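1. Structure, please.
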Amino acid sequence: MSEATGTERTEAFAQQLRELKDRSGLSYGTLAKRLHMSTSTLHRYCNGTAVPVEYAPVERLARVCRATPQELVELHRLWILADAARGRRPDQTTPGGPDRAEASTGAAAATGPGPDEGEGERESAAGDAEPVVVGTAAGTAPPRPVSWARRRRTVLIAAVAVAAVLGAVAYALRPTDVRAGDTVPTATGPLDVGTEQPSATPSAGASGHKPSPTADGSPTAAARTENAGPGSSRDGGTHSAGGATVPVTVGIRPYVYDDPCSQHFLVDSGPEQVGPPATEQDARRWAGAYGAVSSGEQRIALTVQGTGEETVVLNALHVRFLSKGAPLAWNDYSMGVGCGGGVGTKSFDIDLDNGSPTVTVKNGQRDFPYKVSESDPEVFYVTARTKAHDVRWDLSLDWSSGSRSGTVHIDDEGRPFRTSADVGRPGYDYPLGGSEWIERVGG
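-> Residues are numbered from 1 along each chain as shown. Here you go, the predicted structure:
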């Protein structure tokens, strides 16, 4: 990717933000307050000198500016491209050789984040994506060279870190003997016999491509592959048995709100034990904290992107049941009130009450196949519904590229998606400006 191409993609993303901001009629200061970020940060996003490392603040901006569902999809696509361009832009490399590059790194670490650094601009603690890149003045004086003692200290710290990682790996791989009388942990959900536990999303180690972070800032949900080439078998990671790299990644958002009122959760606790409702970016953490299950329906988003310039054909999307039982007898909690009527969005639909469920199109959504590459991702919305069951389910995506083909297994970070009917359950709402859950009357 050339510098010009990367700049154009960043500018296209910034232009879309400016159009939404101008159309809203809100000033930068007012909009920044509603988004809980500094005005200078919002300025940098809209003029193209900074790109958020997470999609969550971008989506909040779009929703505050009343973006249409189609504009939300297009904005997500532009952010993915701008984020990839930011990570590979040549101006991130410090000229002047390794000494000057090391000195720049040290100076940046000593300086720390500035006062105007907004939400989504900080590096993630796990060494996630690169920070937002902001242009620097051409006349900036070069930093002082790093001393030999400082370099030696850096090398020693790195050596200690490597030793710690190797020790952790050796501990994880140690043989385990189970003797009579020992207690062995058991799984709480149904077992997928004959399959391995999903690993994290394919990393960039083999191909040099770094998948974009997800909207809520958490790691991309698990994606396993199988049949990546002739004679290969599932290996639960990035590579097939023959060593070929899987040419596609799938980013997953397990809880997508059409509006806050559209998302309900079932929780096995009374209202006095449940905290305030969660926004979309916090829904995964909220659900995990309370053991919550999607109530009535669950809407997820899949961001599918190639790992290189080659075109990958997405042939079909399938749904699979892992378990199906009686609905949960838990309380229903709404994540919002007073939203009004929703707008039908193009999506794929799954009837979980069907004995042989399939993925069908809805609201004008085009059916498979699709084509993706690194520069041309696709975002798919999938809505699963049930009125009579508690269902654990997952998805699989069939792909092909040249002579290779395979299947990407899609679930929620190694766990199946779970959706339960809410018919006849006590319901609770959290009024705007309120401080407690109020029992729902008449529905």
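
2. Tell me where the model's unsure across the protein.
-> Regions of the chain meeting the criterion pLDDT under 70 cover residues 1-4, 87-244, 338, 340-345, 443.

3. Scan it for its longest strand.
-> Longest strand in the chain by number of residues, with DSSP state E as the criterion: strand 312-325.

4. which is the next helix or strand following that one?
-> Per DSSP states H and E, the first helix or strand lying C-terminal to strand 312-325 is strand 331-334.

5. what angle do the helix or strand that that following strand is followed by and strand 312-325 make?
-> Going down the chain from strand 331-334, the next helix or strand is strand 347-351, by DSSP H and E. With axes from the mean of the first three to the mean of the last three CA atoms, to 10 degrees defining the directions, strand 347-351 sits at 30 degrees from strand 312-325.

6. Output stretch 35-43 as PDB, restricted to C-alpha atoms.
-> Taking C-alpha atoms only, stretch 35-43 is exported to PDB below (Å, rounded to 0.1, in the frame of the first residue of the first chain):
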ATOM      1  CA  LEU A  35     -19.300  11.500  23.200                       C
ATOM      2  CA  HIS A  36     -17.300  12.000  26.400                       C
ATOM      3  CA  MET A  37     -14.100  13.000  24.600                       C
ATOM      4  CA  SER A  38     -12.100  16.200  24.300                       C
ATOM      5  CA  THR A  39     -12.900  18.700  21.600                       C
ATOM      6  CA  SER A  40      -9.300  18.500  20.200                       C
ATOM      7  CA  THR A  41      -9.600  14.800  19.800                       C
ATOM      8  CA  LEU A  42     -12.900  15.100  17.900                       C
ATOM      9  CA  HIS A  43     -11.200  17.700  15.700                       C
END
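
7. Could you give me the buried positions within that stretch?
-> Judged by neighbour count using 16 or more other CB atoms under 10 Å, the buried positions of stretch 35-43 are 35, 37-42. Every residue, glycine included, has its C-beta placed from N, CA and C.

8. re the thing from before, going by neighbour count, which residues in the longest strand of the chain are buried?
-> Here strand 312-325 shows 312-314, 317, 319, 321-322, 324 as buried, counting by 16+ other CB under 10 Å.

9. Greatest separation within the buried residues of stretch 35-43: which pair is it?
-> Farthest-apart pair in the buried residues of stretch 35-43 is Leu35 and Ser40; separation 12.8 Å (CB to CB).

10. Please name every helix or strand in contact with the longest strand of the chain.
-> Other helices and strands packing on strand 312-325, by 3 or more CB pairs under 8 Å, 6 or more residues apart in numbering; DSSP states H and E, are strand 370-372, strand 378-385, strand 390-401.

11. what lines up beside the last one in the sheet?
-> Which is strand 390-401. In the sheet, strand 390-401 lines up against strand 312-325 (antiparallel), strand 404-410 (antiparallel), strand 417-420 (antiparallel) (DSSP bridges).

12. who wins for proximity to Gly336 among the helices and strands packed on strand 312-325?
-> Nearest of those (CB to CB): strand 378-385, 17.3 Å.

13. Please export the C-alpha coordinates of the closest one as CSV.
-> Written as CSV, here are the backbone C-alpha positions of strand 378-385 (Å, rounded to 0.1, in the frame of the first residue of the first chain):
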residue,chain,number,x,y,z
GLU,A,378,-17.8,-7.0,4.3
VAL,A,379,-20.0,-6.5,7.4
PHE,A,380,-22.8,-8.9,7.9
TYR,A,381,-25.6,-8.6,10.5
VAL,A,382,-27.2,-11.8,11.8
THR,A,383,-30.3,-11.9,14.0
ALA,A,384,-31.3,-15.1,15.7
ARG,A,385,-34.8,-15.3,17.3
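
14. Remind me what that strand packs against, helices and strands.
-> helix 69-88, strand 297-306, strand 312-325, strand 347-351, strand 390-401, strand 417-420.

15. rerun that using 6 Å as the cut-off
-> Applying 3 or more CB pairs under 6 Å, 6 or more residues apart in numbering; DSSP states H and E, one finds that strand 378-385 contacts strand 297-306, strand 347-351.

16. Any chance you could give me stretch 423-441 in CSV, C-alpha atoms only?
-> Extracted in CSV, the C-alpha atoms of stretch 423-441 (Å, rounded to 0.1, in the frame of the first residue of the first chain):
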residue,chain,number,x,y,z
VAL,A,423,-42.4,-15.2,26.9
GLY,A,424,-44.2,-14.8,30.3
ARG,A,425,-41.1,-13.6,32.2
PRO,A,426,-41.1,-10.7,34.6
GLY,A,427,-39.7,-7.6,32.9
TYR,A,428,-37.8,-4.6,34.3
ASP,A,429,-36.9,-1.3,32.8
TYR,A,430,-34.4,1.4,33.9
PRO,A,431,-36.0,4.8,33.3
LEU,A,432,-33.8,7.6,31.9
GLY,A,433,-32.4,9.6,34.8
GLY,A,434,-33.5,6.9,37.2
SER,A,435,-31.5,5.0,39.8
GLU,A,436,-33.2,1.6,40.0
TRP,A,437,-35.0,-1.0,37.9
ILE,A,438,-38.8,-0.6,37.7
GLU,A,439,-41.0,-3.6,37.0
ARG,A,440,-42.5,-3.4,33.5
VAL,A,441,-46.3,-3.2,33.3
